[in-house]
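**Student:** here's a sequence, model it:
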Amino acid sequence: MRIRLDLSYDGTHFHGWATQPGLRTVQGTVEAALATALRVPEVALTVAGRTDTGVHARGQVVHLDVDPGVVTASAGRSTDPPLEALVRRLGGLLPEDVRVHRAVEAPEGFDARFGALWRRYAYRIADDPAAVDPLERGHVLAWRRPLDVAAMDAAARSLTGEHDFASFCKRREGATTVRTLLDFGWERRDGLVVATVRADAFCHSMVRSLVGCSIAVGEGRRPVAWAAEVLAAARRDPAVVVVPPHGLVLEEVRYPPDGALAAQAERARVVRTLPEEET
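**Tutor:** This is a model prediction of the structure:
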């Protein structure tokens with residue numbers, strides 16, 4: 001059976017999602033807890049979004065494949081349904097900075113990574129000394145200069161659509177940088193400057209680079225039109241700063257209706273190019 005897990009974590013003391021030898025990672029921590037809870041030698045997780053070191057998640061999604069009998073046996077004497085018992089057991093095995101909130105049998109065709117329609121991130125900045133809360137220092141970027149949110153929002157909205165985001169990504173061999181940026185906007189909310197970034201997928205460092213570009217505009221160091229110029233260049237621009245990770249949170253991952261899951265996963269596996277690259 002395929003199981004879907006919904007989880008959240010504070011990324012402060014993790015070296016990102018993906019397992020790395022000798023380092024504390026979210027994947028390594030959760031897989032170890034699952035192996036103990038299910039009483040199996042090892043577990044392999046597939047994740048919706050591989051977050052970087054220091055990045056947080058409120059709405060992360062993963063899946064794993066396991067024999068149904070293993071899940072039933074792992075409940076032991078619990079009177080709860082086996083998957084509810086698994087969540088409770090994980091609560092006692094996982095450290096406090098990562099929590100599994102839900103475990104359900106995934107519908108046919110579900111794939112946590114390729115089945116996702118989009119991922120939504122938020123980035124939070126405090127640009128007013130009155131808004132800098134030391135209790136939130138691990139989740140909000142403190143910025144010493146005031147930001148023009150209207151200019152940042154205008155620059156951000158000029159980047160939406162399907163584009164080659166090579167200017168905002170760290171390239172990986174054989175990987176495409178074509179993405180569809182569905183929403184990118186800035187607003188003041190509860191005293192903070194907050195970005196909402198939603199795309200079908202993200203490449204390495206993309207969100208933090210988009211935020212860095214926006215800050216340059218918000219400070220007045222660059223005009224609003226600069227963001228679109230950087231995008232059009234389709235090459236990494238050293239003037240675009242990758243901001244610190246701690247202000248970034250993966251908020252939500254959305255999937256299509258059950259009947260469309262398999263088709264979405266097939267579409268997502270196709271390496272995309274832009275129309276002009278195909279001709």
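**Student:** can you pull out the helices in the stretch 101-250 of the chain?
**Tutor:** Counting by DSSP state H, counting those that start in this stretch, the stretch 101-250 of the chain has helices at residues 149-157, 206-218, 226-233.
**Student:** so can I have CSV of those helices showing mean pLDDT?
**Tutor:** Compiled in CSV, the helices of the stretch 101-250 of the chain are given as follows (pLDDT from 0 to 100):
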stretch, mean pLDDT
helix 149-157, 98
helix 206-218, 97
helix 226-233, 96
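**Student:** from these, which stretch is densest packed?
**Tutor:** Ranked by mean neighbour count, the helices of the stretch 101-250 of the chain are led by helix 206-218 with a mean of 25 (mean count of other Cβ atoms under 10 Å). Bear in mind the C-beta positions are built from the backbone N, C-alpha and C, glycine included.
**Student:** angle of that one against helix 149-157?
**Tutor:** Here the directions of helix 206-218 and helix 149-157 differ by 140 degrees (axes from the mean of the first three to the mean of the last three Cα atoms, to 10 degrees).
**Student:** what packs against helix 206-218?
**Tutor:** Helices and strands touching helix 206-218, by 3 or more Cβ pairs under 8 Å, 6 or more residues apart in numbering; DSSP states H and E, are strand 118-126, helix 149-157, strand 178-189, strand 192-199, helix 226-233, strand 248-254.
**Student:** quick one: closest of those to residue 77.
**Tutor:** Within the helices and strands packed on helix 206-218, the stretch nearest residue 77 is strand 248-254; the backing value is 34.2 Å (Cβ to Cβ).
**Student:** what is the rounded mean pLDDT of whichever helix or strand comes after that closest one?
**Tutor:** Once the chain leaves strand 248-254, the next helix or strand it forms, by DSSP states H and E, is helix 261-268. Here helix 261-268 scores 93 as its mean pLDDT.
**Student:** other SSEs contacting helix 261-268?
**Tutor:** Under the contact criterion of 3+ Cβ pairs under 8 Å, 6+ apart, helix 261-268 touches no helix or strand at all.
**Student:** what does the domain assignment say about the protein?
**Tutor:** Per automatic domain parsing, the structural domains of the chain span 2-105, 118-255.
**Student:** could you dump those to TSV with distance to residue 268?
**Tutor:** Converted to TSV, the domains of the chain look like this (distance: least, Cβ to Cβ, whole Å):
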stretch	distance to residue 268
domain 2-105	11
domain 118-255	7
